[in-house]
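J.: With the input below, show me the fold.
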Amino acid sequence: MVNSQPFKELGGSKPANQLPSSEPFGRPPGPFGEPSPQEYQAGELVMLGQGLYRVKAVESLSINFHMGLQGTIATGSSGTTLVIDIDETDAVFGSTTNGFQLPAGTKILCGAQGFNNPNQTLTLASRAEFGRAVGTVTVSNTATNGKLLTIISADGTSKAYLAAAAEDLTTNPCKFKSSGSKQLVAESIVNCINDVEGGHGGKIKAELDLTGTNPSIRLVQLIPGTDGNTTITTNEANIAVSSFTGGKVGTINATTVESLVRPVGEEVTVLFLPSATFNGGSSYLLDKRTFGILESPDSRKIIYDVTWGISMHPKYIGADGDSTNAGIAGFDLEDSTTQSQHIEAGGAADVIDNNGSAFRLDGTGSHQDTSADTYDNITIGLSGHGAGGYGYGFGTAFNGMTSPKIRVFQPRGKVRFAVDQSSGSDDVDKAGWITADETPITSPNPAYRLVTGSGGNDNTLPFFQLLQDIDEDLRDPRILIVGFKYLLSEVSEGEVREMIRRSGRFNYKIIQDPGQMSGFADGVTGPSEGWKSLVQHQRGRKMSFEDYKKATEKITDQSMNMLYGTRSSDAQRRTSDPRRRHRGM
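T.: Purely as a prediction, here's the structure:
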C-alpha cells in the first residue's frame, strides 16, 4: 500500500520576517524548456547501492541557492546598523589595495539556507562600502572666506581646503566657492576634493547627495583598512562634519531598511558580487559551499534527483564601446544629472544650472549670473552624457546576458562534469567550469543531473563553487535546483522471496548510488581496465572464479562517463553488489 500522506517531517511554518524574499524565489518568470521527467513512480521498486527499496512517495521541488559572499554578523550590529565580516578565503578580500561599493537595495540573507533554519532578509537602505572608511560633510549655508575644511586620506595626505570668493582648482590645496547658495558651496567642495592635483582625487571620492534639506557630501577612502579612519575638521559654522569610520579590511558597514533580529555571529550571504576587475585582479574564487535545504530532516530514506541551472545577468556597453562594468547608468543616483531651477533675483526669467556648471543658461540659451539666486533642486536624469553615455535617458545599452562560472563537487572533494586533468583546478582556461550557456536558470539541463541522499554525514551532498571572472557586478548570483524528492522504504527479504515465489522474478529500476564515483557492473560492461588489459595481465596464469567476479563487477570509465559526465581518474573501487543477495531467492 503506497503512503499518500505528506512525507515531510518539518517543524511548522516560519514568521514572515524569517522568509527569504529575494526575487525570484523558486522558478523565475520567463520561458522554460521541457522539465526533467519524473523517472520513478510511487510503488515502483528501485535498486540502490545499499539494496532493494520501494518508492513510497514523491514530491517535486524548485529551490534557489544564493551564491553571494559568505560572512558573519559582526559586533556592532544592532537595529538598522549592520556590520558584516566577510569570511571568503580568496586573498582579494583581504587586500589593502582597493575596496568596492554595494548599491542601495542589495539583499543580505541572514541565516543558513536550509530546512527549518530561522533567517531574515535585510535590504541596504543606502550604499555601503567593503573595507573602506566613510565620512560626511554637510553644508547648511554659505561659507565665510578664509575658513578651512581639513581632510586626511588613508595614506596620511592632509589638505586644508580654503573658502574663497571664487573656486580655484589650480592651487594646492584647491579653493572652494564660499557664496551663492549652499548647493553651490557643496558642489565646489566636491570639485576640490575630487581634483587630482590640488585635491584628494584618487585617494578619496566625494559624492554629492541633494536629497535632504541640506546638501551632503559622502566621502569614501579609496584605500581600505583602519588607516582610513581619519579625522575631518572645519572652523566654518555652516559646515558640519563626521570623521571617517568603518574602515577595516574584509568588513562591510551598512545601514538597512529593516531592523536586525538575528544574533551576532550568525551566517550571512551577501547577494552581490563586484566585478572581476575589483582590486585590480582578473578573477576571484568564492569558497565551496553546500546547502542544508538538501539535507532533509526526514529520518527516513530520502533521495533527491535534481537538475540545476545558473542565473543569468544583464550585460551593458557604453556609447564609447566600453564594456568594463558599464552597469546601468545612474545606478544609485551616483551618475544622475542634477539640474537646478533658479529663480533670477529681481526678475522672472528661469535658468537651469546643469550639475553646477560654470555658466547657467536662461530659456533662450544666454549666459546668466545666478550667484545670488534662490533655487528649487530637481533631478531629471539618471544617465551619463558625453563619451560614456548615450545622452539623456540612455547612459548604457543592453548588450546581452552573462553569468558566473560554477563548479560542482560530489562527493565532497571530487569535481563533477570535469575532465581528469582539470579536476580541482582554479584555472579559468581549463574545463570543469559551467555557465548559463550550458545549463541556464530558465531551462536547467538534465545532462548535469545530480542524485544525492539526505543527511550531511553520508558525504553525498553536492558542493558548489563560484568563479567570478566577468567585468560586471552581479546582483543575487544563484543556482536554481529543480527535480524530485523520493521517500523510499527498504524491501524485506521475506517480501523478495514472496515476489519470486509468485512470479519467479521481479522488476526494478536502478538509481545511481548517490555520491559514488564508481559503481557496479551489470554483467555487460566488463572490467574497468578493459578486456584487453585484463587478458594481458592474466596471460600465462590461471584466473580463479573469484578473480573473474572482482574484475567484472568494477564498472568501466566509459560507463561512468555516461552516468556521471567525465570524472576524476581516482575512481573508488567497490566489489560488493547489493543485487547479489536478491538473486537465486
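
J.: Every contact and neighbour count from this point should use C-alpha atoms.
T.: Fine.

J.: Am I right that residue 407 is in contact with residue 414?
T.: No. Judged on C-alpha atoms under 8 Å, residue 407 makes no contact with residue 414 at a distance of 10.4 Å.

J.: and residue 486, that's in a strand?
T.: Yes. Assessed with DSSP: H, G, I helix; E, B strand; the rest coil, residue 486 lies in a strand.

J.: need the contact list for it.
T.: 55, 56, 57, 58, 59, 302, 303, 304, 305 (C-alpha atoms under 8 Å, 6 or more residues apart in numbering).

J.: try 10 Å this time
T.: Contact analysis of residue 486 by C-alpha atoms under 10 Å, 6 or more residues apart in numbering lists 7, 40-42, 54-60, 301-305, 453.

J.: Just the buried ones from these?
T.: Neighbour counting by 16 or more other C-alpha atoms under 10 Å classes 7, 40, 42, 54-58, 301-305, 453 among the contacts of residue 486 as buried.

J.: Mind telling me the two of those farthest from one another?
T.: Maximum pairwise distance in the buried ones among the contacts of residue 486, criterion C-alpha to C-alpha, is 17.6 Å, between 42 and 453.

J.: For residue 276, what are phi and psi?
T.: Residue 276 adopts backbone torsions of phi -70, psi -20, taken as degrees, to the nearest 10.

J.: So which residues of the stretch 351-500 of the chain form strands?
T.: Under the criterion DSSP state E, counting those that start in this stretch, the stretch 351-500 of the chain contains strands at 360-362, 367-368, 374-381, 396-402, 405-409, 415-416, 450-453, 463-468, 474-475, 478-490.

J.: so which of the ones you listed is the most packed in?
T.: The highest average neighbour count among the strands of the stretch 351-500 of the chain, using mean count of other C-alpha atoms under 10 Å, belongs to strand 415-416 at a mean of 26.

J.: Who are the packing partners of that strand?
T.: In terms of contacts (3 or more C-alpha pairs under 10 Å, 6 or more residues apart in numbering; DSSP states H and E), strand 415-416 is packed against strand 405-409, strand 463-468.

J.: for it, what is the average pLDDT?
T.: Average pLDDT, strand 415-416: 76.

J.: picking up where we left off before, among the contacts of residue 486, which ones are in strands?
T.: Counting by DSSP state E, the contacts of residue 486 place 54-60, 301-305, 453 in strands.

J.: State the pair within the residues you listed that is farthest apart.
T.: So, the ones in strands among the contacts of residue 486 by C-alpha to C-alpha: farthest apart are 54 and 60, at 17.7 Å.

J.: can you give me the helices in the protein?
T.: With helices called from DSSP state H, the chain shows them at 182-194, 493-503, 531-538, 545-552, 557-564.

J.: among those, which gets the worst mean confidence?
T.: The minimum mean pLDDT among the helices of the chain belongs to helix 557-564 (a mean of 47).

J.: JSON lines please, covering the strands of the stretch 351-500 of the chain and showing distance to residue 158.
T.: JSON lines is the format used below for those (distance: least, C-alpha to C-alpha, whole Å):
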{"stretch": "strand 360-362", "distance to residue 158": "33"}
{"stretch": "strand 367-368", "distance to residue 158": "36"}
{"stretch": "strand 374-381", "distance to residue 158": "32"}
{"stretch": "strand 396-402", "distance to residue 158": "37"}
{"stretch": "strand 405-409", "distance to residue 158": "43"}
{"stretch": "strand 415-416", "distance to residue 158": "52"}
{"stretch": "strand 450-453", "distance to residue 158": "58"}
{"stretch": "strand 463-468", "distance to residue 158": "37"}
{"stretch": "strand 474-475", "distance to residue 158": "36"}
{"stretch": "strand 478-490", "distance to residue 158": "44"}
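
J.: any idea which of those scores lowest on pLDDT?
T.: The bottom spot among the strands of the stretch 351-500 of the chain, by mean pLDDT, belongs to strand 374-381, with a mean of 43.

J.: Show me the shaky parts of the stretch 151-300 of the chain.
T.: 279-281, 293-298 (pLDDT under 70).

J.: For the closest residue to residue 241 other than its chain neighbours, give me its contacts.
T.: Using C-alpha to C-alpha, 6 or more residues apart in numbering and skipping residues adjacent in sequence, the residue nearest residue 241 is residue 137, 4.5 Å away. Residues near residue 137 by C-alpha under 10 Å, 6+ apart: 149, 186, 189-190, 206, 208, 215-219, 232-234, 239-243.

J.: From these, keep the buried residues only.
T.: Buried members of the contacts of residue 137, counted by 16+ other C-alpha under 10 Å: 149, 186, 189-190, 206, 208, 215-219, 232-234, 239-241, 243.

J.: among these, which are in strands?
T.: Among these, the ones falling in strands (DSSP E) are 149, 206, 208, 216-219, 232-234, 239-241, 243.

J.: how near is the nearest residue to residue 181 once chain neighbours are set aside to residue 177?
T.: Distances taken as C-alpha to C-alpha, 6+ apart place residue 142 nearest to residue 181, at 5.8 Å, with adjacent residues excluded. Per C-alpha to C-alpha, to the nearest Å, residue 142 is found 9 Å from residue 177.

J.: Now the common contact residues for those two.
T.: Common neighbours of residue 142 and residue 177 (C-alpha under 10 Å, 6+ apart) are 163, 184, 185, 186.

J.: okay but the last one is in contact with residue 240, surely?
T.: No. At 11.6 Å, residue 186 does not count as touching residue 240 under the criterion of C-alpha atoms under 10 Å.

J.: Spit out the residues that contact those two alike.
T.: Common contact partners of residue 186 and residue 240 (C-alpha under 10 Å, 6+ apart): 137, 138, 139, 140, 216.

J.: Any figure for the gap between residue 224 and residue 250?
T.: Here residue 224 is placed at a distance of 9 Å from residue 250 (C-alpha to C-alpha).

J.: higher neighbour count, the two?
T.: Taking neighbours as other C-alpha atoms under 10 Å, residue 224 and residue 250 compare with residue 224 leading, 28 against 22.

J.: what's the span of stretch 90-108 from first residue to last?
T.: Taking C-alpha to C-alpha, stretch 90-108 runs 20 Å from one end to the other.

J.: Report the mean per-residue pLDDT for it.
T.: Mean pLDDT, stretch 90-108: 87.

J.: Now do the buried residues in it.
T.: For stretch 90-108, by 16+ other C-alpha under 10 Å, it's 92-96, 98-100, 102-108.

J.: So what's the residue count around residue 127?
T.: Residue 127: 17 surrounding residues under other C-alpha under 10 Å.
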